[in-house]
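Could you work out the structure for the sequence below:
(2 chains)
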Protein chains: 2
Amino acid sequence: MSLSFEVQNIDGGGGRRGRLELPHGVVETPVFMPVGTAASVKAVPQSVLEVNGAGGKGAQIILANTYHLYLRPGHELVRRMGGVHKFMSWDRPMLTDSGGFQVFSLSKLRKITPEGVEFRSHLDGSKHFFSPEHSMDVQIALGADVMMVFDECVETPASWERTRDSMGLTHAWAQRSKDHFELHKERVPWFEALGGKTQSLFGIVQGGMYADLRKESAERLVEMDFPGYAIGGLAVGEPRDVTREMIARTLEFLPKDKPRYVMGVGYPDEIEEYAKMGVDMMDCVLPTRAGRHGLLFTSGGRLNIKKLQYAEDQGPIDAECGCMVCGRYTRAYLRHLYASGEALSAVLNSIHNLAFYLDTMERVRGELAG
Amino acid sequence: MSLSFEVQNIDGGGGRRGRLELPHGVVETPVFMPVGTAASVKAVPQSVLEVNGAGGKGAQIILANTYHLYLRPGHELVRRMGGVHKFMSWDRPMLTDSGGFQVFSLSKLRKITPEGVEFRSHLDGSKHFFSPEHSMDVQIALGADVMMVFDECVETPASWERTRDSMGLTHAWAQRSKDHFELHKERVPWFEALGGKTQSLFGIVQGGMYADLRKESAERLVEMDFPGYAIGGLAVGEPRDVTREMIARTLEFLPKDKPRYVMGVGYPDEIEEYAKMGVDMMDCVLPTRAGRHGLLFTSGGRLNIKKLQYAEDQGPIDAECGCMVCGRYTRAYLRHLYASGEALSAVLNSIHNLAFYLDTMERVRGELAG
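Residues are numbered from 1 along each chain as shown, chains lettered A, B, ... in the order given. Got it, this is the predicted structure:
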């Protein structure tokens, strides 16, 4: 079995406590997935990621970005190294996105045709072409447990007509992604090592900020029958109540027995809220990116460590946090590291923020356990 | 007892196996001291530093820079935080330099008088004045186990006359440092907490590249009676056989029952060589600085991880190294992290290089144990 998902409890609000089994291990849901863009969760050693958080369980599943690894070091190199798990020495589950979002947000000189997208690398300006088929080939070479269909991401805001047309393209690409994946899924680097298991390909619901398009997109993707469904194109600048509304109006039309993944969210209170609405998986760069900028998440809210008020503060970041950073270092020291531009600042801030996210989801799982 | 030093064995070449007891713990010598300039060994968490190296013993003593901590966050802030040990959460021995070397190498618009040195901060151009007395006050506020006299560092190369004059100033400053330290040593932040123990002030032998001046400097400092002696002003660009010669010609005139410290050296083969000549303590930024630049030290020599030849190399940095980096990551992955500018690159490279230095000294201590 390449993926099995069991919903163990559903609470009154629709929140689900579940268990997702993947080729590289079991994931208790709802789950937050730290982002390891270039096969590294920025500034955090894998050995820390494995034990991070109050319970010492660490991250259950992490994400890597297909676009980045395709450009550097190249997916064929990663395949020759045994796949992304072996390459980065991470033996727990992983997920790769399709590269679509990065092609549309990072690269230059895009030319979109029904066939695919021509773009230039943000690294060196070199010209590349991504199609659904190519995204599948790249993701199969990387070998994450879960991979994503190649989708078009519209600019925001976009009109209903523009969003509908883009959604149509995304649906056609989803079918092509699935067809190509099914033909070639046995090429995953660990196919034989893991007894013939393969990756699982998730669909992505689009439809912008239009509930009717979200419904149509969900229904169309469910017809294609994926083992899991993502909700894409959110948290791109729209008001938070719109994000919540779009998630709610999409979840209605997704099967209850399959994992549901909202891509690229969010702040700690958001991931908690969406989990309690019935979202099973989320990812976001926020804990590590904010950490590098001195923004720390705590049980009392956000804390900007660069502020003068912390210069002589002998307390931990968060007295209620059980992470290795809060157990050892003062706000005064962390402010000094940040102010001095010390590399350790990003390391420790990222570890704390990730622990806070992991602990938040651990608590939510407890609340949803019934 | 604020410092006790016991030479346990001397081998035929003059190398010594010793035991140095300081207020914050015991240091087995010869020892390499990682440099934590701004109260952080760059990119390495304290929890890793405590267990780094094949034996898991970690660093026994680390160094912090007085000049940097004086400018940021300020020595009085560090004093209010309980001293540099508490500030950075490091409860093993520490050493601070006098700030002299940094004043002469980093700052601008220096004006030297017999009284002291006026200089401008390399951070913001603000004007400051350091005298022997002021350096002592700053180092007492920081509260490392070992502190250093304030010395003038001459430019290199310098004439015999220029070096002799500078040395004269350094000797006068050494006496003033000692006098001020003796008067004020009970102000160290942990004086009461550690039962009335105080810091120990080491003298610094100067004399440039002139053996007669080195002899004179050593004899003059020995008359002043310090609990330990450093050899300063070396590894500043001179040929290596000159460094070795100056160390040898200085060691002759230093007491055999006190610790001897060569400042700011060196490559792994150098620290081994000097330890076997009878040097007990050394420090250098090289393992961490080289690590950040992708230069790794191994039992087979130096390795530049950025080279294309390592792009698909599945071996560890050093197959004979027992560190946590060599136990987990491939050269291919470490090259990718470096090439991608990932923050984890500096973390892992620094951990390996420090482990290599610590292991080198552990091996040398074994060879000198008799």
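
Spell out which residues sit in contact with the nearest residue to A:Ala275 once chain neighbours are set aside, please.
Distances taken as Cβ to Cβ, 6 or more residues apart in numbering or on different chains put A:Pro30 closest to A:Ala275, at 3.8 Å, once the chain neighbours are dropped. Backbone N, C-alpha and C define where each C-beta goes, glycine included. Taking Cβ atoms under 8 Å, 6 or more residues apart in numbering or on different chains as the criterion, A:Pro30 is in contact with A:15-18, A:275, A:279-282, A:361, A:364-365, A:368.

Just send those back as CSV, with secondary structure too.
Written out in CSV, the entries for the contacts of A:Pro30 read as follows (DSSP: H, G, I helix; E, B strand; the rest coil):
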residue, secondary structure
A:Gly15, coil
A:Arg16, strand
A:Arg17, strand
A:Gly18, strand
A:Ala275, helix
A:Val279, coil
A:Asp280, coil
A:Met281, strand
A:Met282, strand
A:Met361, helix
A:Val364, helix
A:Arg365, helix
A:Leu368, helix
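
can I get these in CSV with pLDDT and neighbour count?
Formatted as CSV, the entries for the contacts of A:Pro30 read as follows, by pLDDT from 0 to 100; neighbours: other Cβ atoms under 10 Å in any protein chain shown:
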residue, pLDDT, neighbour count
A:Gly15, 98, 23
A:Arg16, 98, 24
A:Arg17, 98, 22
A:Gly18, 98, 22
A:Ala275, 98, 26
A:Val279, 98, 25
A:Asp280, 98, 24
A:Met281, 98, 25
A:Met282, 98, 24
A:Met361, 98, 22
A:Val364, 98, 22
A:Arg365, 98, 20
A:Leu368, 98, 21
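
from those, which single one is nearest B:Asn65?
Distances from the contacts of A:Pro30 to B:Asn65 were compared by Cβ to Cβ; the smallest belongs to A:Met361, at 41.3 Å.

shouldn't that closest one be in contact with A:Tyr274?
No. In this structure A:Met361 lies outside contact range of A:Tyr274 using Cβ atoms under 8 Å: 10.8 Å.

Serialize the contacts of A:Pro30 to a markdown table and add fields for distance to A:Phe150.
Rendered in a markdown table, the data for the contacts of A:Pro30 read as follows (distance: Cβ to Cβ, whole Å):
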| residue | distance to A:Phe150 |
| --- | --- |
| A:Gly15 | 30 |
| A:Arg16 | 28 |
| A:Arg17 | 31 |
| A:Gly18 | 27 |
| A:Ala275 | 27 |
| A:Val279 | 22 |
| A:Asp280 | 22 |
| A:Met281 | 19 |
| A:Met282 | 21 |
| A:Met361 | 28 |
| A:Val364 | 31 |
| A:Arg365 | 31 |
| A:Leu368 | 32 |
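
and the two most separated of those?
A:Arg17 and A:Met282 (15.1 Å).

Least confident secondary structure element in chain A?
Using mean pLDDT, DSSP states H and E, the weakest-scoring helix or strand in chain A turns out to be strand A:108-112, at a mean of 80.

name the helices or strands packed onto that one?
Counting by 3 or more Cβ pairs under 8 Å, 6 or more residues apart in numbering or on different chains; DSSP states H and E, the packing neighbours recorded for strand A:108-112 are strand A:117-120.

Buried residues, the strand it packs on. List them.
The neighbour-count criterion (16 or more other Cβ atoms under 10 Å in any protein chain shown) identifies A:Val117, A:Glu118, A:Phe119 as the buried residues of strand A:117-120.

Now for the last one: which residues touch it?
To tie it back to what came earlier, the one meant is A:Phe119. Counting by Cβ under 8 Å, 6+ apart, A:Phe119 touches A:Val103, A:Ser107, A:Lys108, A:Leu109, A:Arg110, A:Lys111, A:Lys127, A:His128, A:Phe129, A:Phe130.

Most neighbours among the residues you listed, which one is it?
A:Val103 (25 neighbours; other Cβ atoms under 10 Å in any protein chain shown).

Correct me if wrong: that residue contacts A:Ile112.
No. A:Val103 is beyond contact range of A:Ile112, at 9.3 Å (criterion: Cβ under 8 Å).

Please enumerate the helices of chain A.
Per DSSP state H, chain A has helices spanning A:46-49, A:66-71, A:75-80, A:84-88, A:100-105, A:132-142, A:160-184, A:211-224, A:240-251, A:268-277, A:286-292, A:331-339, A:343-368. These are given in chain order.

and the ones you listed, which one's lowest on average pLDDT?
Comparing mean pLDDT over the helices of chain A, the weakest stretch is helix A:100-105, at a mean of 84.

With only the CA atoms kept, save that one in CSV.
Written as CSV, here are the backbone C-alpha positions of helix A:100-105 (Å, rounded to 0.1, in the frame of the first residue of the first chain):
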residue,chain,number,x,y,z
GLY,A,100,4.0,25.3,-10.6
PHE,A,101,3.8,27.9,-7.8
GLN,A,102,7.5,28.8,-8.0
VAL,A,103,7.5,29.0,-11.8
PHE,A,104,4.8,31.6,-11.5
SER,A,105,6.2,33.5,-8.5
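
and it, anywhere near chain B?
No. No part of helix A:100-105 sits close enough to chain B to count as contact by Cβ under 8 Å from any Cβ of the partner chain; the gap is at least 14.3 Å.

Which one of the residues in the stretch 201-350 of chain A is closest to chain B?
Minimum separation of the stretch 201-350 of chain A from chain B (Cβ to the nearest Cβ) falls at A:Ala343, amounting to 3.8 Å.

And the residue lying closest to that residue once chain neighbours are set aside, how far from B:Arg328?
Distances taken as Cβ to Cβ, 6+ apart place B:Ala43 nearest to A:Ala343, at 3.8 Å, with adjacent residues excluded. Separation of B:Ala43 from B:Arg328 (Cβ to Cβ, to the nearest Å): 17 Å.

Ok, A:Glu161 next?
Per Cβ to Cβ, A:Glu161 is found 52 Å from B:Arg328.

Those two: who's more crowded?
Comparing A:Glu161 with B:Arg328 by neighbour count (other Cβ under 10 Å), the higher total belongs to B:Arg328, at 15 against 8.

what number of residues lie near the nearest residue to that one once chain neighbours are set aside?
Counting by Cβ to Cβ, 6+ apart, A:Ser89 is the residue found nearest to B:Arg328 once chain neighbours are left out, at 5.1 Å. Around A:Ser89 sit 15 other residues, with neighbours defined as other Cβ under 10 Å.
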